[in-house]
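Asks: Below is the sequence, then the predicted model.
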Amino acid sequence: MVHILPMKREGCEGEYQHTLDAKGRLFIPARLREELGPEFYVTISADTCLYVYSAESWRVFSEKAAQLPTVQKRKTRVLFAFAARCEPDAQGRILIPQKLREHAHLVKNVTVLGVNDHAELWASEEWDELRDFEASPENIMAALEELEL
């Protein structure tokens, strides 16, 4: 597993509800844009969501991937193939390419999550179902135990 280094800033947090427009653009909340910087990278994840990384985190990831042996490097191929460099427009929107929208089932309602060292983009209906499971007392306790809190 490749770990992305945390952003230089404070980190991403929060849950935000937004809507894709007809052109596939999504508003990224100002708080998250502050943390991610003026350009960032969106790619697929193992979940049915998209990961959003700051340019610095993406650079570190790219350097680590370049140093992997060929057999392991192949495992990261799809992350780069699906990746899109994004710069928010004057209204704070980014264009999410069709192949990324399809991977994450993004059609209209999108939940944008700040998740420490990255942001995640979820189809709101899917996030609502997952959130109910992940916010259970058992899962919260397990997460706190993992963090030794």
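Replies: Looks like it arrived, so ask away.
Asks: if I pick the closest residue to T76 other than its chain neighbours, what's in contact with it?
Replies: Spatial nearest neighbour of T76, excluding adjacent residues (CB to CB, 6 or more residues apart in numbering): A65 at 4.5 Å. (Each C-beta comes from the backbone N, C-alpha and C, glycine too.) A65 is in contact with V2, K73, T76, L79, F80, counting by CB atoms under 8 Å, 6 or more residues apart in numbering.
Asks: Point out the least confident one among those.
Replies: Lowest pLDDT among the contacts of A65: V2, with 39.
Asks: shaky segments in the protein?
Replies: The model of the chain has pLDDT under 70 over residues 1-13, 149.
Asks: so is the residue nearest to the spatial centre of the chain in a helix, a strand, or just coil?
Replies: Per CA atoms, centre = their mean, the C-alpha nearest to the average position across the chain is that of Y51, at 2.0 Å. Classification of Y51 by DSSP: H, G, I helix; E, B strand; the rest coil places it in strand.
Asks: That one against F40, yeah?
Replies: No: under the criterion of CB atoms under 8 Å, Y51 is not in contact with F40, lying 10.1 Å apart.
Asks: that older thread, excluding sequence neighbours, find me the nearest residue to the residue nearest to the centre of the chain.
Replies: Take Y51 and drop its neighbours on the chain: the residue closest to it by CB to CB, 6+ apart is S45, 4.7 Å away.
Asks: all strands for this protein, in order.
Replies: 12-19, 25-27, 40-44, 49-54, 84-86, 93-95, 109-116, 118-123 (DSSP state E).
Asks: which residues does the residue nearest to the centre of the chain contact?
Replies: For Y51, counting by CB under 8 Å, 6+ apart, the contacting residues are V42, T43, I44, S45, H118, A119, E120.
Asks: before we move on, the earlier item: tell me which entries of the contacts of A65 lie within helices.
Replies: Cross-referencing the contacts of A65 against helices under DSSP state H gives K73, T76, L79, F80.
Asks: Contacts only, for the last one.
Replies: Contacts for F80 (CB under 8 Å, 6+ apart) come out as T43, S62, A65.
Asks: do the same with C49
Replies: Residues counted as contacts of C49 (CB under 8 Å, 6+ apart) are A104, E120, L121, W122, A123, E126, W127.
Asks: and if we set it to 10 Å?
Replies: Applying CB atoms under 10 Å, 6 or more residues apart in numbering, one finds that C49 lies in contact with 103-106, 110-111, 113, 115, 119-123, 126-127, 130.
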